[in-house]
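Q: This is the structure alone, sequence omitted:
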C-alpha cells in the first residue's frame, strides 16, 4: 500500500555538539550581534546539514529541512534565540544598553491593543514563582534582550540566505532528494522588538514586510518551500495586558496577516507554508488563545500549507475546530502530531490516532504530519530523534488504517 500521509518538521532540530562548539567560538562583528564566518566553518556547517537531512530520511520524514543549522543564535546575548538570526540579516538595528532599566509595562485599552514587554506577559507574571524556580522544570532562560530599530530597515542577509540555499541543495543532492523547506521570520513577529525610528506600529510592521520579502523570494526562487514562522498571530494574545476582547485581537492581527500577504505577493501559494504557534517555551500556557478564535484568520494568509500546534496538552483537543472551519480547496494542514513540550516520546499508535482524526475531517491528501514547533533547544537530541522516528512510524500506521 502507498503511504498516504507525508511527514515533516516545524524547522529547528538539535544542533550537534560539534556545531554548537564551533558557533560558540566564532568571531563576532563590531555590531555585537552578528557572527563572522570562514571557509572552515562553512565546510563544517555543510557536513552538519547533509547529516541532519540523512537523519530525517532515516527517521521517516518525507519533507525535510536544514534543521535551521545555518541560523546562528545571538552571540553573547539572549535575545530570542530562535528568531535572532533574522536580526543579524537586517540593517537599521542596534543593541540597547543592557544595563538600562527595563521599560515600564505597556497597558492596552478597548480599541487600542498594544503589546507589553515580553517579561510582562500574562502567563509569565501569573506563574512568576515557577518561572524563576530552577527546580520547577519550566524552561524560560534569562530576561530577553533584543536589538531595537534605530534607523530605516534594510535587508543585508543575501550571503546568509544564499548559504542556507546552497547547504540544503547540496544536502538534498547527497541524499537523493529533490525538495525541502527553509524557514524565515514573519513581519509581525519581527516587529515585536523595540522601535525608535518608525512613527507607528503599522509603519514598523510594513517596513519588516519589505525587508523580509527579499529572503522569501530567494528561498522560493531556489526551488524550496518557504515556511514563514509567525507565532505572533497566536502568541501575542498573552503579551497584551489586560486581556483584550477577541474582536479587538482579531483586528490587531489583521495588519500582520496583510503584511505577510504583501511580502509573499507573486510567490506561488503551493511553495509557501505558514507556521503558527503559541510560543515554544516550556510553561503553563494557561493564557493561550483558543485556536477557534483565529483558525479562519490563519487561512487568510495566501499560503498552500498551514502548520499549527496540535499535540501538546493545551491544544490537542482543538482538532475539533476542523469540524466547523472549512479548509479551502487545494490547501493542506500541517498539524503538530508530536510535541516539543514533553520528554515523553509519543507512541506510534497515538501518532496514528492523531493523524487519522485530521484525515477524516479534511481528507488524508490534505494532511502533512509534523512536530508542534521546533525541537532544537526544547528537548535533548536523543529524545528529538526518537520523537521523529515515532512520527514516521505513526504516519505509516495511519496510512495503513486510512487505506483500509
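A: Good, I have the coordinates. None of these values were measured; they are calculated from a predicted model.
Q: Mind telling me which residue is nearest the centre of this protein?
A: Centroid-nearest residue in the chain, with CA atoms, centre = their mean: residue 229, separated by 4.0 Å.
Q: Do you know the pLDDT at the nearest residue to that one once chain neighbours are set aside?
A: Nearest non-adjacent residue to residue 229, counting by CB to CB, 6 or more residues apart in numbering: residue 275, 4.9 Å away. Using the backbone N, CA and C atoms, a C-beta is placed for each residue, glycine as well. Note on residue 275: pLDDT of 98.
Q: Please apply the same query to the one 3 residues further on.
A: Here the pLDDT value assigned to residue 278 is 95.
Q: burial measure for it, as a count.
A: If you count neighbours by other CB atoms under 10 Å, residue 278 ends up with 25.
Q: and if you look at residue 199?
A: Neighbours of residue 199 using other CB under 10 Å come to 8.
Q: tell me the SS of it?
A: Per DSSP: H, G, I helix; E, B strand; the rest coil, the secondary structure class of residue 199 is coil.
Q: Helices along this protein, start to end?
A: Per DSSP state H, the chain carries helices over the ranges 17-24, 39-59, 84-87, 122-126, 128-131, 158-174, 187-190, 201-221, 232-235, 246-263, 295-298, 348-362, 381-403.
Q: can you tell which of those helices is closest to residue 94?
A: Among these, the nearest to residue 94 by CB to CB is helix 84-87 (10.3 Å).
Q: so how far is the closest one from its chain's centroid?
A: 13 Å (CA atoms, centre = their mean, to the nearest Å).
Q: Also stretch 97-113?
A: What separates the centre of stretch 97-113 from the centre of its chain is 25 Å, taken as CA atoms, centre = their mean.
Q: Quick check: chain neighbours aside, which residue is closest to residue 91?
A: Nearest residue to residue 91 in three dimensions, chain neighbours excluded: residue 154, at 3.9 Å (CB to CB, 6+ apart).
Q: residues in contact with the one you found?
A: Under the criterion of CB atoms under 8 Å, 6 or more residues apart in numbering, the contact list for residue 154 reads 90-92, 211.
Q: among those residues, which ones are buried?
A: Buried subset of these (neighbour count, 16 or more other CB atoms under 10 Å): 90, 92, 211.
Q: so which of those comes closest to residue 247?
A: Nearest to residue 247 out of the buried ones among the contacts of residue 154 is residue 211 (CB to CB; 30.3 Å).
Q: Hmm, that closest one is touching residue 87, no?
A: No. With contact defined as CB atoms under 8 Å, residue 211 does not count as touching residue 87 (10.8 Å).
Q: okay, and the common contacts of those two?
A: With CB under 8 Å, 6+ apart, residue 211 and residue 87 have no common neighbours.
Q: Would you map the strands across the stretch 1-150 of the chain?
A: Counting by DSSP state E, counting those that start in this stretch, the stretch 1-150 of the chain has strands at residues 6-7, 64-65, 90-94, 148-155.
Q: What residues does the residue nearest to the centre of the chain make contact with?
A: For residue 229, the contact set (CB under 8 Å, 6+ apart) comprises 11, 82-83, 183-186, 189, 275.
Q: now that we have those residues, which one has the most neighbours?
A: Using other CB under 10 Å as the neighbour test, the contacts of residue 229 are led by residue 186, with 30 neighbours.
Q: residues in contact with that one?
A: Per CB under 8 Å, 6+ apart, neighbours of residue 186: 212, 228-230, 232-233, 256, 259-260, 274.
Q: hmm, which of those residues are the buried ones?
A: Using 16+ other CB under 10 Å, the buried members of the contacts of residue 186 are 212, 228-230, 232-233, 256, 259-260, 274.
Q: Go through stretch 122-142 and flag the buried ones.
A: Of all the residues in stretch 122-142, those buried under the rule 16+ other CB under 10 Å are 122-124, 127, 131, 138, 140.
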